[in-house]
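>>> After the sequence you'll find the predicted model.
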Amino acid sequence: MNIYVLVKRTFDTEEKISVSNNRIQEDGAEFIINPYDEYAIEEAIKVRDEHGGEVTVLTIGGEDAEKQLRTALAMGADKAVLINTEDDLEELDQFSAAKIVAEYLKDKNPDLILAGNVAIDGGSGQVGPRVAELLGINYVTTITELKISGTTAQIVRDVEGDSESLETSLPLLVTAQQGLNDPRYPSLPGIMKAKKKPLEELELDDLDLDEDDVEAKIETVEVFLPPKKEAGRVLSGDLSDQVKELVDLLRKEAKVI
């Protein structure tokens, strides 16, 4: 089975974010594989182990993203591909990413493509479905269970706190939701093997794309941190007095009523 996993390099969820000159500052920051993508990698490895084939992890970005690809290889993926846009694109939005990925995959005949449900830095959840649309294949989002038999896939997906069961056919793109599996940690032997696994680096020219073909459709107007949260206030006394005080605070301080 020919399996691809879309991976994104994101800030560590424990990292303190700082903003300067209307940009998030990356100097000295720690980066990780987007946590939802780890579920996708794990599921891809499980499907390969059950049905055979190989797993290729794919990302877009600069050379710094090689570290996250090597981590995915250490987890058990077979190959990695980095599409380096560092010198070609200043901005990369969902349209750009999907266009680049689909252009790379269009002649690779993937049976199964997995991606994270969302990226923790943007949270749009658009790239996976956009790729599927461009490739003209089936897709199912927010999956929590996947079983494949031949060219048929049985899927359970999360739907606002409930679940939905459905059946579809390969080729297929799915996006992984928390609960799909428990991603493995790279083992020491896996880390050593990852150093020798193939990591291909491509640029837009290699895909017969130029900057105009993948120019971002979204313009970032402003980047800012959320306001600092003030300490909460605990009301005391008789319940009727608390209600009156609360209404007064909501009207005069919070100004929401």
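Happy to help now that I have it.

>>> Could you use CA atoms for every contact and neighbour count after this?
Will do.

>>> And the biggest strand by length in the chain, what does it pack against?
Secondary structure assigned by DSSP state E gives strand 138-149 as the longest strand of the chain. Applying 3 or more Cα pairs under 8 Å, 6 or more residues apart in numbering; DSSP states H and E, one finds that strand 138-149 makes contact with helix 127-135, strand 152-159, strand 172-176.

>>> Can you redo the ones you listed as TSV, where the extra columns are distance to E66?
TSV is the format used below for these (distance: least, Cα to Cα, whole Å):
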stretch	distance to E66
helix 127-135	20
strand 152-159	31
strand 172-176	22
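
>>> The stretch 51-200 of the chain: strands as residue ranges?
Listed in chain order, the strands of the stretch 51-200 of the chain (DSSP state E, counting those that start in this stretch) span 54-61, 79-84, 112-116, 138-149, 152-159, 162-169, 172-176, 199-202.

>>> With respect to burial, which of the ones you listed scores highest?
Ranked by mean neighbour count under mean count of other Cα atoms under 10 Å, those are led by strand 112-116, which reaches a mean of 27.

>>> can you state the direction angle for that one and strand 54-61?
An angle of 40 degrees separates the directions of strand 112-116 and strand 54-61 when computed by axes from the mean of the first three to the mean of the last three Cα atoms, to 10 degrees.

>>> Name the surrounding residues that touch strand 112-116.
Judged by Cα atoms under 8 Å, 6 or more residues apart in numbering, the contacts made with strand 112-116 from elsewhere in the structure are 1-7, 34-41, 44, 128, 170-177.

>>> and if we set it to 7 Å?
2-7, 36-37, 39-40, 128, 170-177 (Cα atoms under 7 Å, 6 or more residues apart in numbering).

>>> What is the neighbour count of D238?
D238 is flanked by 8 other residues according to other Cα atoms under 10 Å.

>>> In stretch 248-257, which residues have enough neighbours to count as buried?
Within stretch 248-257, no residue qualifies as buried by neighbour count (16 or more other Cα atoms under 10 Å).

>>> Kindly list the longest helix within the protein.
Once the chain is assigned using DSSP state H, the helix that runs over the most residues is helix 35-51.

>>> got a list of contacts for that helix?
Counting contacts by Cα under 7 Å, 6+ apart, the residues outside helix 35-51 that touch it are 1, 3, 5, 7, 54-55, 76-77, 114-119, 176-178, 180-184.
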